[in-house]
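Participant: Build me a model:
(chains A and B)
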Amino acid sequence: MNGERKLRILVAKPGLDGHDRGARIIARAFRDAGFEVVYTGCHQTPEQIVSTAIQEDVDIIGLSILSGAHTYSFPRVMELLKENNAEDITVIGGGIFPLEDISKLKAIGIKEIFEPGAKIEDITDWVRQNVQPRRALAS
Amino acid sequence: MSHSPKKTYAMTIVDLILAGDLRATARLLRDIDDELPTARNILKKLYPHTGKAHVVGFTGSPGVGKSTLVDQLTTRYRQEGLTVGILAVDPTSPFSGGAILGDRIRMQRHFLDSGVFIRSLATRGHFGGLTRSTFDMINVLDAMGKDVILVETVGVGQDEVEIAHSAHTTVLVTVPGMGDEVQAIKAGIMEIGSIFVVNKADREGSRGTVRELRNLIELGLRHSEDASWLPPILETEGVKGRGIDELHLAIRRHKEYLFANDRGQLDEVLRKRARNQLIEALKDEALKTLLQRRQARGLSLDVLIRKIIAHESDPYSLVQEMLSEELQ
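Facilitator: Now for the predicted structure:
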C-alpha cells in the first residue's frame, strides 16, 4: 500500500510561440497514463523550465516547440540541468524539427524526439519503458 | 570513522535541507508523497527545527482565483524580504491515478526567485482538500527556513475543512454570484475562514455577496463563545492586483492577533494542528502495521473482501475480529 513511486513529468513550452494545443493533449495523455504532470503553460525560458523541474522533482521533461527556436532552447535546458547537477532528468522533445537537427539534439542528450504523426500511445509507452522513477533519499 | 557511513549520509541530508538545498528538499517531498518509510526518519530529525513559519491556507471553489491571489501575495511578501513556500494541490484522476498540476501557470514570475519554493501536489485519492502528505511538507518547508507558507487547497465544495487544521490563518475565497444564502449557511466551510475574500469583485453582485457574508458571519459570532476576532471581508481583483495590499494586511493582523493576545487563541490553533497531525500519523501507522502483520501471517485482505461480497460476513464484524485478534 505504500512506497510506490509515481512518475512525475514536466510538460513545458519554451519560447515565444503560443500554440499549446499539442502540449495540452500530451499533458492529458500522460495524466491518463497515470503520471503526475506539471504543466506550466507557454512562453517558458530554459531557466524557468529547469528551476521548475528541480523544485517539482520530476523524472522527465517533455519540451514542446513549434517555433524553430529548439536550436537555442534545447541545448540551454541541457546546459542548465548539468549546472544544477540534474542531468539524471530525462529530456524528450515534441514538435516540428528539420531532419538534420534531430541527430544534433540527440547528440546533446535529448533522449527522444517525437514529430508530427507520432502516436500518443507510442509516446506514453516510450516514457514507461525508458524512464525509471528516482530512488529514495537514504535516511 | 566511529559511526556507519549510512548515518553520516542521513545527517548530511538533514543538514542540506536545513541549509535550503533545493534538490534534497524536492526529493524529500517526493519521498513523503510516495510514503517511503525512509522519509519518516528524516522528518523526525527535521521536526525540532519547525514552528517558525506562518502557515496561511487558501480555500474555495475551483476557479475563484486562489492561485492568482497566492501569486500576488507572494510578490508582496518578497517585497518585504520574506521567503515563501507554496504548496498547491490539484485533483488526481480517480480513473487513471494521474493528474495535471496546473497551479504554477499563474505563478510564473516567481520561478527564478530563489526566495520562493513552489511544489504542486496531487490529491491521490485523499479527501478533505489537501493531500495526505501536506502537513509533513509544511514541516519541511518550515524547517528549511521559509518565513511564510502558502497552502492552496484543491478547489473545494462544502465540507473540505482540513486546511483549518493545518494552517494558522485560513483565507476563504469566493466570487460574486456563487450561490444564495442557503448555500452559505450550510455547516462547514463557512465556519473556517479567518478572512473572507470576494475575488473578481468587478463582477456584478460583488457588494451583495459581501453583505450576505457579513450577515452570516455576524450571526455566527453571536452564537460563538469567542468573538474576539471579527473575520474581515475583502473585495479583490486578483488579476489586476486590486485589494491585495488590504489582504496582505489582514493576514498580518490575524497573525498578530494570534501571536499577541493572551486569551489562548494561538494555543487553540496549535492544539488543533498538533492533534490533527498526531491522529493522521496514528491512522496511517496503525493501518500499515495492521495490514503488514496480517500479511506476515499469510492472511490477505482479498479473502475478507470476498467474504463481504459473498455476504458471508460484513465489514463491521470483520473489522472487530481483526482488531481483537491484533490487540490481544
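Participant: Would you mind finding the longest helix in chain B?
Facilitator: In chain B, with assignment by DSSP state H, the single longest helix is helix B:265-296.
Participant: what's the angle between whichever helix or strand comes after that helix and helix B:265-296?
Facilitator: Downstream of helix B:265-296, the first helix or strand assigned by DSSP states H and E is helix B:301-309. Calculated by axes from the mean of the first three to the mean of the last three C-alpha atoms, to 10 degrees, helix B:301-309 forms an angle of 100 degrees with helix B:265-296.
Participant: what packs against helix B:301-309?
Facilitator: Contacts defined by 3 or more C-beta pairs under 8 Å, 6 or more residues apart in numbering or on different chains; DSSP states H and E place helix B:301-309 against helix B:315-327. (Glycine included, C-beta is placed from N, CA and C.)
Participant: And the contacts of the helix it packs on?
Facilitator: Here helix B:315-327 makes contact (C-beta atoms under 8 Å, 6 or more residues apart in numbering or on different chains) with B:290, B:293, B:294, B:304, B:307, B:308.
Participant: Name the nearest residue to the second one, sequence neighbours excluded.
Facilitator: Across the structure, with C-beta to C-beta, 6 or more residues apart in numbering or on different chains as the measure, the residue nearest residue B:293 apart from its sequence neighbours is residue B:326 (6.2 Å).
Participant: Quick check, pLDDT for the one you found.
Facilitator: On the pLDDT scale, residue B:326 is placed at 78.
Participant: Give me the buried positions along the longest helix of chain B.
Facilitator: Residues of helix B:265-296 classed as buried under the neighbour-count rule (16 or more other C-beta atoms under 10 Å in any protein chain shown) are B:265, B:266, B:269, B:273, B:277, B:280, B:291, B:294.
Participant: do the same with stretch B:82-90
Facilitator: For stretch B:82-90, the neighbour count (16+ other C-beta under 10 Å) marks B:83, B:84, B:85, B:86, B:87, B:88, B:89, B:90 as buried.
Participant: How about the last one, nearest residue that isn't a chain neighbour?
Facilitator: The shortest distance from residue B:90 to any residue that is not its chain neighbour, by C-beta to C-beta, 6+ apart, is 4.8 Å, and that residue is residue B:101.
Participant: same thing with the first one?
Facilitator: Setting aside the residues directly before and after it, residue B:83 is nearest to residue B:115 in space (C-beta to C-beta, 6+ apart), at 4.4 Å.
Participant: pretty sure the one you found contacts residue B:78?
Facilitator: Yes - with contact defined as C-beta atoms under 8 Å, residue B:115 and residue B:78 form a contacting pair (6.0 Å).
Participant: so what's in contact with the two at the same time?
Facilitator: Shared contacts of residue B:115 and residue B:78, defined by C-beta under 8 Å, 6+ apart, comprise residue B:84.
Participant: hmm, back to that, tally up the residues packed near the residue nearest to residue B:293, please.
Facilitator: A count of nearby residues for residue B:326, using other C-beta atoms under 10 Å in any protein chain shown, gives 12.
Participant: Reformat the contacts of helix B:315-327 as CSV; add pLDDT and distance to residue A:85.
Facilitator: Putting these into CSV (pLDDT from 0 to 100; distance: C-beta to C-beta, whole Å) gives the following:
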residue, pLDDT, distance to residue A:85
B:290, 86, 41
B:293, 85, 41
B:294, 83, 43
B:304, 87, 48
B:307, 90, 52
B:308, 92, 51
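Participant: Determine which two of those are furthest apart.
Facilitator: Farthest pair in the contacts of helix B:315-327 (C-beta to C-beta) is B:293 and B:308. Separation: 20.4 Å.
Participant: so where do the helices sit in chain B?
Facilitator: Using DSSP H, the helices of chain B run over B:5-18, B:22-33, B:37-46, B:66-79, B:134-143, B:163-166, B:181-185, B:206-222, B:244-260, B:265-296, B:301-309, B:315-327.
Participant: same question, chain A
Facilitator: Applying DSSP H to chain A gives helices spanning A:21-32, A:46-55, A:70-83, A:99-107, A:120-130.
Participant: okay, residue A:27: pLDDT?
Facilitator: Note on residue A:27: pLDDT of 95.
Participant: OK, contacts around it?
Facilitator: Counting by C-beta under 8 Å, 6+ apart, residue A:27 makes contact with A:11, A:37, A:39, B:100.
Participant: Report the contact partners of the residue nearest to residue B:90.
Facilitator: Counting by C-beta under 8 Å, 6+ apart, residue B:101 touches A:36, A:37, A:38, A:39, A:56, B:88, B:90, B:120, B:121, B:122.
Participant: Going by neighbour count, which of those residues comes out on top?
Facilitator: Using other C-beta under 10 Å as the neighbour criterion, residue A:38 leads the contacts of residue B:101 with 29 neighbours.
Participant: how close does it sit to chain B?
Facilitator: Distance of residue A:38 to chain B, given as C-beta to the nearest C-beta, to the nearest Å: 5 Å.
Participant: wouldn't that residue be in contact with residue A:49 here?
Facilitator: No - taking C-beta under 8 Å as the definition, residue A:38 is not a contact partner of residue A:49, at 10.4 Å.
Participant: coming back round to it: for the helices of chain A, which one sits closest to residue B:31?
Facilitator: Shortest distance between residue B:31 and the helices of chain A, using C-beta to C-beta, is found for helix A:46-55: 15.0 Å.
Participant: In PDB, list the C-alpha atoms belonging to stretch A:29-49.
Facilitator: Extracted C-alpha coordinates of stretch A:29-49, given in PDB (Å, rounded to 0.1, in the frame of the first residue of the first chain):
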ATOM      1  CA  ALA A  29      -2.400  11.700 -22.300                       C
ATOM      2  CA  PHE A  30       0.300  11.500 -19.600                       C
ATOM      3  CA  ARG A  31      -2.400  12.100 -17.000                       C
ATOM      4  CA  ASP A  32      -4.400   9.200 -18.500                       C
ATOM      5  CA  ALA A  33      -1.300   7.100 -18.400                       C
ATOM      6  CA  GLY A  34      -1.300   7.600 -14.600                       C
ATOM      7  CA  PHE A  35       1.600  10.100 -14.400                       C
ATOM      8  CA  GLU A  36       1.600  13.300 -12.400                       C
ATOM      9  CA  VAL A  37       2.000  16.100 -15.000                       C
ATOM     10  CA  VAL A  38       3.200  19.500 -14.000                       C
ATOM     11  CA  TYR A  39       2.000  21.900 -16.700                       C
ATOM     12  CA  THR A  40       3.300  25.500 -16.700                       C
ATOM     13  CA  GLY A  41       1.900  27.000 -19.900                       C
ATOM     14  CA  CYS A  42       3.500  28.800 -22.700                       C
ATOM     15  CA  HIS A  43       6.500  31.200 -23.000                       C
ATOM     16  CA  GLN A  44       8.800  29.500 -20.600                       C
ATOM     17  CA  THR A  45      12.500  30.300 -20.600                       C
ATOM     18  CA  PRO A  46      15.000  27.400 -20.200                       C
ATOM     19  CA  GLU A  47      15.900  28.900 -16.800                       C
ATOM     20  CA  GLN A  48      12.200  28.700 -15.700                       C
ATOM     21  CA  ILE A  49      11.900  25.200 -17.000                       C
END
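Participant: Just give me the residue closest to the centre of chain A.
Facilitator: Geometric centre of chain A, nearest residue: residue A:62, 1.7 Å, by C-alpha atoms, centre = their mean.
Participant: in the sheet, who's paired with that one?
Facilitator: Residue A:62 has these beta-bridge partners by DSSP bridges: residue A:11, residue A:92.
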